[in-house]
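# Next input, structure requested:
(one chain, ligands or ions: 2)
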Amino acid sequence: MSDDPTTSQEAQLARLVAVYPIADELGARFSAHGHELYLVGGTVRDTLLRGPGAQDLDFATSARPEQTERIVAGWADSIWLTGARFGTVSAHKDGYQLEITTFRSDAYPAGSRHPQVTYGNSIEEDLARRDFTINAMAVRVPEHRFADPHGGLSDLAEGALRTPIDPETSFGDDPLRMVRLARFSAVIDVRPDDAATKAAEAMADRLDEISRERIRDELDKLIVGAHVARGVDLLVETGLADRFLPEVSALRMQHDPVHHHKDVYKHSLAVVERCPADDRILRLAALLHDIGKPATRQFHGHGKVSFHHHEVVGARMARARLTELRYPKDEIEAICHLIALHLRFHGYADEPWTDAGVRRYVRDAGDDLALRRLNLLTRADVTTRNRRKAERLQAAMDDLEARIAALREQEALDAIRPPLDGNQIMRHLGLEPGPDVGRARQMLLDARLDQGPMSEEEAYALLDAWADRDGRGSQ
Ligand code: ATP
Ligand code: MG
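Residues are numbered from 1 along each chain as shown. Ligands and ions are numbered 1, 2, ... in the order given. The predicted model follows:
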């Protein structure tokens with residue numbers, strides 16, 4: 001570490017920008033047309049933090065979208081104008097995705113659900129309306145002149161998240177920035193300064209003006225952050241979570257001095273952070289896995305507390321919440337299914353299941369990905385400080401996974417079907433299509449799950465026994 005991180009990072013920046021030759025090439029074209037071009041925002045920030053390697057390059061320019069279009073035409077491999085209304089021209093070139101946005105000004109009409117676009121006249125004006133100082137740095141190309149009027153470089157070195165202008169004005173212009181505050185705290189190693197945190201606390205209810213989709217997109221980025229617990233905690237402590245994720249705030253249940261139990265909120269944060277960061281669905285499930293607890297808590301005296309069926313209640317609550325946040329249906333299903341099943345494994349540790357129990361667990365989990373997620377969630381859910389207990393549970397999960405692998409080998413578990421199909425059943429029993437056929441199929445499927453693979457002969461014998469017992473003619 002150098003004594004003066006600012007200078008050393010600035011020098012680093014100059015070197016790093018040189019390795020986006022495509023940016024210089026584009027800058028020269030804008031220059032030739034009398035326009036300014038800057039690498040800006042997240043691209044500059046991430047290049048400083050992680051070095052070059054970005055495939056998405058963000059630019060700001062003095063040129064208007066129509067002018068930008070003319071400048072990149074014939075040079076770029078392809079051009080998109082879908083964002084031109086908002087000042088952005090997108091282009092592809094040599095595998096890079098380029099977003100070139102006309103300078104914006106900081107004038108916003110109050111009360112709009114989406115920020116409105118007013119063009120600005122200079123990079124300084126543009127940077128002043130950006131969300132945070134670490135996102136308000138720019139590098140002029142091809143000259144490599146660094147513009148950092150708000151001290152973003154030193155804030156990045158100090159890990160400080162600050163707004164370029166006073167936070168009340170900034171958050172008032174676009175309340176989504178309050179959620180972005182938490183998002184960046186979760187994703188990179190920065191912490192909001194007091195002024196920003198206080199403003200978010202005071203203005204949390206302004207989030208109601210913001211579309212749920214924009215909030216969801218930020219939550220999706222926050223949840224996969226390396227510091228996700230810090231980001232969620234910021235949402236909760238400022239009151240922002242009350243506006244779009246109240247179930248998570250509610251995990252901070254009042255502690256009863258007599259009935260000690262572990263803090264469900266802290267536990268939930270720990271579980272999220274223990275889940276792999278690259279799995280957004282799993283992490284969302286982890287965040288929400290215990291939200292059914294406050295509503296199901298019961299005290300039984302002698303310090304005993306229970307949360308009966310909290311996984312069922314929690315899955316239901318999660319479905320409503322995620323729907324409200326406009327999550328796609330398949331993602332909602334995947335998340336709620338994990339929540340509903342997150343307790344299923346418990347008990348196995350006390351008494352390992354039969355093969356039938358293991359098969360049912362695999363089947364109920366769903367496909368391979370869902371099963372892998374369920375097992376990861378179950379492992380992450382073990383946050384007890386009691387080391388013996390933690391080791392026992394992890395060992396039991398190792399054991400269950402080994403049993404699943406063994407069973408898989410022995411039979412193609414994924415392909416489980418009743419040993420006879422509907423036509424065979426009808427022909428054998430002389431049935432017409434109807435509910436009896438379905439019941440016979442279900443009986444055979446249950447038998448197949450209980451007993452494992454069987455021959456057709458055995459299956460027909462089961463069918464006969466079933467028909468004699470209670471099947472035939474019971475419609
Ligand atoms: P990432 O792309 O990794 O999500 P990013 O910083 O590039 O991070 P984007 O949402 O892509 O974030 O925005 C690009 C840049 O635009 C930001 O760095 C910031 O300068 C500016 N910006 C984005 N959203 C806002 C906003 N709501 N208010 C002000 N400035 C914003
Ligand atoms: Mg970006």
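# check contacts around the residue lying closest to Ile335 once chain neighbours are set aside.
Take Ile335 and drop its neighbours on the chain: the residue closest to it by Cβ to Cβ, 6 or more residues apart in numbering is Ala285, 4.7 Å away. In short, each C-beta sits where N, CA and C put it, glycine included. Shown in contact with Ala285 (Cβ atoms under 8 Å, 6 or more residues apart in numbering): 334-335, 338-339, 342, 373, 377.
# Tell me which of these fall in helices.
If you go by DSSP state H, the contacts of Ala285 have 334-335, 338-339, 373, 377 in helices.
# With respect to ligand 1, which of those is nearest?
Nearest to ligand 1 among the ones in helices among the contacts of Ala285 is Ile335, at 21.7 Å by Cβ to the nearest ligand atom.
# how near is that closest one to Leu322?
Distance from Ile335 to Leu322, counting by Cβ to Cβ, to the nearest Å: 6 Å.
# Between those two, point out the one with more neighbours.
Ile335 (27 against 20; other Cβ atoms under 10 Å).
# pLDDT value on the closest residue to Asp208 other than its chain neighbours, please?
Closest residue to Asp208 apart from its sequence neighbours, by Cβ to Cβ, 6+ apart: Arg243 at 6.1 Å. For Arg243, the pLDDT comes out at 98.
# Could I get the contacting residues of Arg243?
Per Cβ under 8 Å, 6+ apart, neighbours of Arg243: 204-205, 207-208.
# Scan the chain for its longest helix.
If you go by DSSP H, the chain has its longest helix at helix 387-410.
# what about the strands in this structure?
For the chain, the strands defined by DSSP state E cover 37-40, 56-61, 78-80, 88-93, 96-102, 138-140, 145-147, 160-161, 191-192, 297-299, 305-307.
# Which elements pack onto the fifth one?
Strand 96-102 is packed against helix 21-32, strand 56-61, helix 65-72, strand 88-93, with contacts defined by 3 or more Cβ pairs under 8 Å, 6 or more residues apart in numbering; DSSP states H and E.
# Are that strand and ligand 1 in contact anywhere?
No: if you take Cβ under 6 Å from any ligand atom as the test, strand 96-102 misses ligand 1, and the best it gets is 8.1 Å.
# circling back to that earlier point, can you tell me which of the helices and strands packed on strand 96-102 is nearest to Leu462?
Across those, Leu462 has its closest neighbour in strand 56-61 (59.4 Å, Cβ to Cβ).
# what angle do that closest one and strand 88-93 make?
130 degrees (axes from the mean of the first three to the mean of the last three Cα atoms, to 10 degrees).
# Which neighbours in the sheet does strand 56-61 have, and how are they oriented?
strand 37-40 (antiparallel), strand 96-102 (parallel) (DSSP bridges).
# For Leu341, which residues are in contact?
Contacts for Leu341 (Cβ under 8 Å, 6+ apart) come out as 311, 364-365, 374.
# tell me which of the residues you listed is nearest to ligand 1?
Nearest to ligand 1 among the contacts of Leu341, counting by Cβ to the nearest ligand atom, is Leu374 at 29.1 Å.
# What about the nearest residue to that closest one once chain neighbours are set aside, how many residues nearby?
Ranked by Cβ to Cβ, 6+ apart and with sequence neighbours excluded, the top spatial neighbour of Leu374 is Ala365, at 4.8 Å. Using other Cβ under 10 Å, Ala365 has 20 other residues around it.
# again, but for Ala461
Considering only other Cβ under 10 Å, Ala461 is surrounded by 12 other residues.
# measure it to Gly87 for me?
Using Cβ to Cβ, one gets 74 Å for the distance from Ala461 to Gly87.
# For this protein, which helix or strand comes out least confident on mean pLDDT?
When each helix and strand of the chain is scored by mean pLDDT, DSSP states H and E, helix 5-17 comes last, with a mean of 67.
# so who does Val99 touch?
That one is not Val; residue 99 is Glu. Residues in contact with Glu99 (Cβ under 8 Å, 6+ apart) are 56-59, 83, 88-90.
# State the distance from the residue of the chain found nearest ligand 1 to Asp56.
In the chain, no residue comes nearer to ligand 1 than Gly42, which is 2.1 Å away by Cβ to the nearest ligand atom. Separation of Gly42 from Asp56 (Cβ to Cβ): 8 Å.
# neighbour-wise, which of these two wins?
Taking other Cβ under 10 Å, Gly42 and Asp56 do not tie; Gly42 has more neighbours (14 against 11).
# residues in contact with that one?
Going by Cβ under 8 Å, 6+ apart, Gly42 touches 56, 58, 135.
# so which of the residues you listed are also by ligand 1?
Okay, of the contacts of Gly42 touching ligand 1 (Cβ under 6 Å from any ligand atom), that's 58, 135.
# now the contacts of Gly42 in CSV, with pLDDT?
Output for the contacts of Gly42, formatted as CSV (pLDDT from 0 to 100):
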residue, pLDDT
Asp56, 94
Asp58, 96
Asn135, 98
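# Can you say which of the strands of the chain is packed in most?
Most buried of the strands of the chain by mean neighbour count (mean count of other Cβ atoms under 10 Å) is strand 37-40; its value is a mean of 28.
# For it, list the C-alpha coordinates in PDB.
Below are the C-alpha coordinates for strand 37-40, written out as PDB (Å, rounded to 0.1, in the frame of the first residue of the first chain):
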ATOM      1  CA  LEU A  37     -16.400  11.600 -25.200                       C
ATOM      2  CA  TYR A  38     -15.700  10.200 -21.800                       C
ATOM      3  CA  LEU A  39     -15.600   6.800 -20.200                       C
ATOM      4  CA  VAL A  40     -17.800   7.200 -17.200                       C
END
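# Please work out the average pLDDT along that strand.
96.
# List the contacts of that strand.
So strand 37-40 is contacted by 17, 20, 23, 26-27, 30-31, 47, 57-61, 63, 100, 123, 126-127, 137-141, 147 (Cβ under 8 Å, 6+ apart).
# As JSON lines, the strands of the chain with distance to Thr383 would be great.
Shown next, in JSON lines, are these (distance: least, Cβ to Cβ, whole Å):
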{"stretch": "strand 37-40", "distance to Thr383": "41"}
{"stretch": "strand 56-61", "distance to Thr383": "36"}
{"stretch": "strand 78-80", "distance to Thr383": "46"}
{"stretch": "strand 88-93", "distance to Thr383": "44"}
{"stretch": "strand 96-102", "distance to Thr383": "40"}
{"stretch": "strand 138-140", "distance to Thr383": "44"}
{"stretch": "strand 145-147", "distance to Thr383": "45"}
{"stretch": "strand 160-161", "distance to Thr383": "28"}
{"stretch": "strand 191-192", "distance to Thr383": "24"}
{"stretch": "strand 297-299", "distance to Thr383": "18"}
{"stretch": "strand 305-307", "distance to Thr383": "16"}
